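**Q** could you look at this predicted model? Sequence included:
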Amino acid sequence: QVQLVESGGALAQAGGSLRLSCAASGDTFSRYVVGWFHQAPGKERQFVAAISRNGGTTYYSDFVKGGFTISRDNAKNTVYLQMNSLKPEDTAVYYCAASALLMSVAATDTRSYDYWGQGTQVTVSS
């Protein structure tokens, strides 16, 4: 099993940037496809981005393409989400999730992931 802890959430101004981190422990991190999701108040948890085991393949939701970048450092057991050009609608709790079974990074359903962090709050002011 893998344990995930997100960090880096904060209050930011529109147009600004944040970098979220997802630190893993408990298992060989390179076994896992990792995704980021976000959940705004009163809304369903929504896919943001995912990255393959070796970091060579990434997949993004249409609403973050060009603005967010997912990356990973397996030596540090960490996945990152660089968020640029932030908008108020990016305000949400951001979660990372992992799966050792996924064969594709185009996995946008929350049910595709077995392990979840506790989330980190991102608030973007206008």
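**A** Done, it's in.

**Q** report pLDDT for S125.
**A** The model reports S125 with a pLDDT of 97.

**Q** same check on G66?
**A** 79.

**Q** quick one, phi/psi of it?
**A** Backbone torsions of G66, given as degrees, to the nearest 10, read phi 90, psi -20.

**Q** residue contacts, T120?
**A** Contact analysis of T120 by Cβ atoms under 8 Å, 6 or more residues apart in numbering lists 6-9, 20, 93-94. In short, each C-beta sits where N, CA and C put it, glycine included.

**Q** out of those, which end up buried?
**A** 6, 8-9, 20, 93-94 (16 or more other Cβ atoms under 10 Å).

**Q** tell me which two of the residues you listed sit farthest apart.
**A** The distance between the two most remote of the buried ones among the contacts of T120 (Cβ to Cβ) is 12.4 Å, for G8 and V93.

**Q** so for the most centrally placed residue in the chain, what's the nearest residue that isn't a sequence neighbour?
**A** For the chain, the residue nearest the mean C-alpha position is W36 (2.2 Å; Cα atoms, centre = their mean). Counting by Cβ to Cβ, 6 or more residues apart in numbering, W36 lies nearest to V48, which is 4.2 Å off, once chain neighbours are set aside.

**Q** confidence score at the one you found?
**A** Model confidence at V48, expressed as pLDDT, equals 98.

**Q** who are the neighbours in contact with it?
**A** Neighbour list for V48: 35-38, 60-61, 64, 68, 81, 94 [criterion: Cβ under 8 Å, 6+ apart].

**Q** for it, I want the exact helix or strand it lies within.
**A** V48 is located in strand 46-51, with elements delineated by DSSP states H and E.

**Q** for that strand, buried residues please.
**A** By neighbour count on 16+ other Cβ under 10 Å, the buried set for strand 46-51 is 47-51.

**Q** want to try JSON lines for the residues you listed, with distance to G15 as columns?
**A** Output for those, formatted as JSON lines (distance: Cβ to Cβ, whole Å):
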{"residue": "F47", "distance to G15": "24"}
{"residue": "V48", "distance to G15": "19"}
{"residue": "A49", "distance to G15": "20"}
{"residue": "A50", "distance to G15": "26"}
{"residue": "I51", "distance to G15": "25"}
